[in-house]
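# Kindly generate the corresponding structure for this input.
(chains A and B)
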Amino acid sequence: AQRVTQPEKLLSVFKGAPVELKCNYSYSGSPELFWYVQYSRQRLQLLLRHISRESIKGFTADLNKGETSFHLKKPFAQEEDSAMYYCALSPGSGNTGKLIFGQGTTLQVKP
Amino acid sequence: SQTIHQWPATLVQPVGSPLSLECTVEGTSNPNLYWYRQAAGRGLQLLFYSVGIGQISSEVPQNLSASRPQDRQFILSSKKLLLSDSGFYLCAWSGLVAFEQFFGPGTRLTVL
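Got it, this is the predicted structure:
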């Protein structure tokens, strides 16, 4: 079954501390993986995708096929990073563009 | 540029009443369209998606239905709401290639 698991509902860190938001997936093929973010009173939006291999707002995520993980990392958290983060998987088959989302993790960065 | 609209923004309905939530997209043609429900502690659940007019795929059995009467219009409906239908409903669209989805502002539905 296709599944995305984010084990932490809430992650609370102090400003300047490293952050790692965990994401594990279950999929038999070659998935495309994404991180979406929802800031307070804003729309859900794409943060980054694994195929781009880029750093957005200081965040990076590496696809580890052996561990079936796609953890989101940032070396030094900022208060403006506080938001809800969703990991998502696209099966990549057909043209439906379907995404399977995890349960989400709320990141709280304290001053 | 492309934009996506949802209305109403909030809705309070009694149990057993009908529901109609509307989503429209501007600035693009033949988008893929999606309805999600965002429930506290349960993340985003895909309810329906559509790859074209009149083409609806349901992801989970439920009390809701969806329709796509026009290329850029997606409607979420129910004939009789249940308490469990309360939640935050998000509409999204994507193109055929990038798989990036663009989300609307959402509708907060409370069933009393």
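# can you tell me which strand in chain B is longest?
strand B:43-52 (DSSP state E).
# quick one: contacts of the very next helix or strand once past that one?
Downstream of strand B:43-52, the next assigned helix or strand under DSSP states H and E is strand B:55-58. Under the criterion C-beta atoms under 8 Å, 6 or more residues apart in numbering or on different chains, residues A:96, B:47, B:48, B:49, B:50, B:51, B:65, B:66, B:67, B:68 lie in contact with strand B:55-58. C-beta here means a position set from N, CA and C on the backbone, and glycine is covered the same way.
# Relative to the longest strand of chain B, what are the paired strands and their orientations?
Within its sheet, and counting by DSSP bridges, strand B:43-52 is paired with strand B:32-39 (antiparallel), strand B:55-58 (antiparallel).
# list the contacts for the spatially most central residue of chain B?
Central residue of chain B (C-alpha atoms, centre = their mean): residue B:35, 3.1 Å from the mean position. By C-beta under 8 Å, 6+ apart, the contact set of residue B:35 is B:23, B:46, B:47, B:48, B:49, B:66, B:74, B:76, B:89, B:90, B:91.
# and the spatially closest residue to the third one that is not a sequence neighbour, what are its bridge partners?
What it means is residue B:47. Distances taken as C-beta to C-beta, 6 or more residues apart in numbering or on different chains put residue B:35 closest to residue B:47, at 4.5 Å, once the chain neighbours are dropped. With DSSP bridges as the criterion, residue B:35 is bridged to residue B:48, residue B:91.
# and the gap between residue B:35 and residue A:50?
Using C-beta to C-beta, to the nearest Å, residue B:35 is found at 26 Å from residue A:50.
# for residue A:90, same thing?
10 Å.
# Low-confidence stretches in chain A?
Per-residue confidence for chain A (pLDDT under 70) gives these ranges: A:92-96.
# Around chain B, pick out the residues from it.
A:6, A:9, A:32, A:34, A:43-46, A:49, A:86, A:90, A:92, A:95-104 (C-beta under 8 Å from any C-beta of the partner chain).
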